[in-house]
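Peer 1: Using only what follows, build the 3D model:
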Amino acid sequence: MKNIALLLLFITFNISLTKAQDKMVLRGKPDTLIIKVIEIGVDEIRYRTWPVDEAMPVMVEKKDRIRRVVLANGTVLKFAEDEFSNTENYATQRKMAFKIDMFSPIRKVLSGSFEYSIKPGMSAEIGVGVIGVGSYTSEAYSFTESNGGFLRLGIKFINQPDYYVKGMRYSHILKGGYIRPEIMLLYHQNTGVNNYYFGSSGSTSTAGIIDVRGGAFFINFGKQWVYSDIFCVDFFVGPGIGTKKVTSTTNSSISNTNQLNITDIGGFGFVALTTNTGSTAFCIQTGLKLGVLIGSKGKK
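Peer 2: Next comes the predicted model:
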C-alpha cells in the first residue's frame with residue numbers, strides 16, 4: 001500500500017509539472033519547445049527552457065519568428081509573421097465592397113462586383129453583368145432586342161513591399177496594387193435585322209438571331225484606392241485568352257458565322273482579336289469601378 005501511495009503521489013506530481021509547462025512553436029520548425037514564459041513584450045518573448053533552472057540564462061525570441069505559444073492554462077497565443085498579415089491591425093476596417101463598372105452602360109451592359117477580404121493581402125471577387133440594357137446597332141446589324149449575361153470569378157493578391165520596416169502595414173486591407181487571376185463565362189443573344197452588304201452589288205436585309213457563347217481567362221493588373229473606409233476606386237487592365245462560339249439563325253436555318261468580332265455584338269468587356277468562331281485567341285479587358293465599403297466595423 002505504501003508503494004502504491006508513493007506511485008500515485010509521483011504521478012500526481014508529474015501531472016502538475018506537465019500542466020505548469022508552456023509550449024512554443026517556431027516558424028519553419030516542426031518541433032514543439034517546452035518552456036516557461038517569463039515575459040511577453042511588444043516585439044519579443046522572454047522564456048526559460050524546461051525544466052526550469054534559475055541558473056539557466058533567459059532566452060529571447062522575436063514574435064515574428066513564433067507561430068504560436070500555448071500557456072499552461074490552455075490559452076493559445078498566435079502571432080503573425082509580419083505586420084502586414086496581422087489581422088488585428090485591420091480589425092476596425094470594413095472588409096467588403098460593392099462596386100459598379102462605370103463604363104458598362106456605354107456597352108449596353110450593367111456590371112457590378114462584390115469583393116470580400118479573405119485575409120490581409122488576399123480577397124475574393126465575384127462579378128455579374130446583365131447584357132441588353134438597350135439595343136445594339138452597327139453598320140451591318142440593327143438589333144431590336146438584346147439578352148444575356150456574364151459571370152466573373154477571381155482571387156486578388158494585393159502587393160507587399162520588397163522589404164519591411166518595423167510597424168509597416170496596409171493603410172487599408174482592401175487598398176493597394178494587385179494582381180487578379182479571373183475566369184469569365186458569358187452568353188448573349190441578339191434578335192433583329194441583319195443587313196448583309198455586298199459592296200457595289202447592293203445589300204439585303206433578313207430577320208435573324210445571333211447567339212454568342214464564350215469564356216476567357218484573364219490576369220488583371222490593377223490598383224484600388226480606399227477613401228475614409230467608405231468609398232473605393234478600382235482600375236485594372238487584364239490580358240488573357242478566350243474563345244467564343246457564334247451561331248446565326250435566319251429563317252429557321254442555323255449556321256456558324258465568322259463575320260463578327262466578339263465585341264461587335266454587344267461589347268461584353270473583353271475583346272477577342274480574331275473573327276474565327278470556336279478558336280482560342282488573345283483577349284484584353286479594362287475597367288474602372290466605383291464602390292462603397294459595406295459591413296460593420298469590428299472592435300479592436
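
Peer 1: Now the element after the helix or strand of the chain with the lowest mean pLDDT, going C-ward?
Peer 2: Here the helix or strand of the chain ranked lowest by mean pLDDT, DSSP states H and E is strand 271-272, holding a mean of 46. Note on strand 271-272: by DSSP states H and E, the next helix or strand toward the C-terminus is strand 280-294.

Peer 1: Please spell out which residues along that next one are buried.
Peer 2: A281, C283, Q285, G287, K289, G291, L293 (16 or more other Cβ atoms under 10 Å). (C-beta placed from N, C-alpha, C; glycine too.)

Peer 1: Excluding sequence neighbours, find me the nearest residue to L110.
Peer 2: V130 (4.8 Å; Cβ to Cβ, 6 or more residues apart in numbering).

Peer 1: what does K244 give?
Peer 2: K244 sits nearest to G214 (Cβ to Cβ, 6+ apart), 3.7 Å away.

Peer 1: Quick check: that neighbour vs I241, distance?
Peer 2: Separation of G214 from I241 (Cβ to Cβ, to the nearest Å): 11 Å.

Peer 1: The two: which has the busier surroundings?
Peer 2: More crowded of G214 and I241, by other Cβ atoms under 10 Å: G214, with 21 against 14.

Peer 1: Now do the stretch of helix or strand the more buried one belongs to against strand 280-294, angle only.
Peer 2: According to DSSP H and E, G214 maps onto strand 203-227. Calculated by axes from the mean of the first three to the mean of the last three Cα atoms, to 10 degrees, strand 203-227 forms an angle of 40 degrees with strand 280-294.

Peer 1: so what does strand 203-227 touch, helix or strand wise?
Peer 2: Under the contact criterion of 3 or more Cβ pairs under 8 Å, 6 or more residues apart in numbering; DSSP states H and E, strand 203-227 touches strand 141-158, strand 176-197, strand 231-250, strand 280-294.

Peer 1: What number of residues are in the vicinity of the closest residue to S279 other than its chain neighbours?
Peer 2: Sequence neighbours aside, T243 is the residue nearest to S279 in space, at 6.7 Å (criterion: Cβ to Cβ, 6+ apart). Neighbours of T243 under the rule other Cβ under 10 Å: 19.

Peer 1: my read: T243 touches F282, true?
Peer 2: No. With contact defined as Cβ atoms under 8 Å, T243 does not count as touching F282 (11.2 Å).

Peer 1: Is R68 bridged to anything, and to what?
Peer 2: V25, K78 (DSSP bridges).

Peer 1: now it: how far from G295?
Peer 2: From R68 to G295 the distance is 28 Å (Cβ to Cβ).

Peer 1: just D211 next, same as before
Peer 2: 39 Å.

Peer 1: more neighbours, those two?
Peer 2: In this view D211 and G295 are compared by other Cβ under 10 Å, and D211 has more residues nearby, 18 against 13.

Peer 1: my read: the more buried one touches K244, true?
Peer 2: No. Between D211 and K244 there is no contact under Cβ under 8 Å: 10.5 Å.

Peer 1: so the host helix or strand of the residue nearest to L110 versus strand 176-197, what angle?
Peer 2: Following DSSP H and E, one finds V130 within strand 122-131. Interaxial angle, strand 122-131 versus strand 176-197 (the same axes, to 10 degrees): 20 degrees.

Peer 1: Output the contacting helices and strands for strand 122-131.
Peer 2: Strand 122-131 packs on strand 109-119, strand 141-158, strand 176-197, going by 3+ Cβ pairs under 8 Å, 6+ apart.
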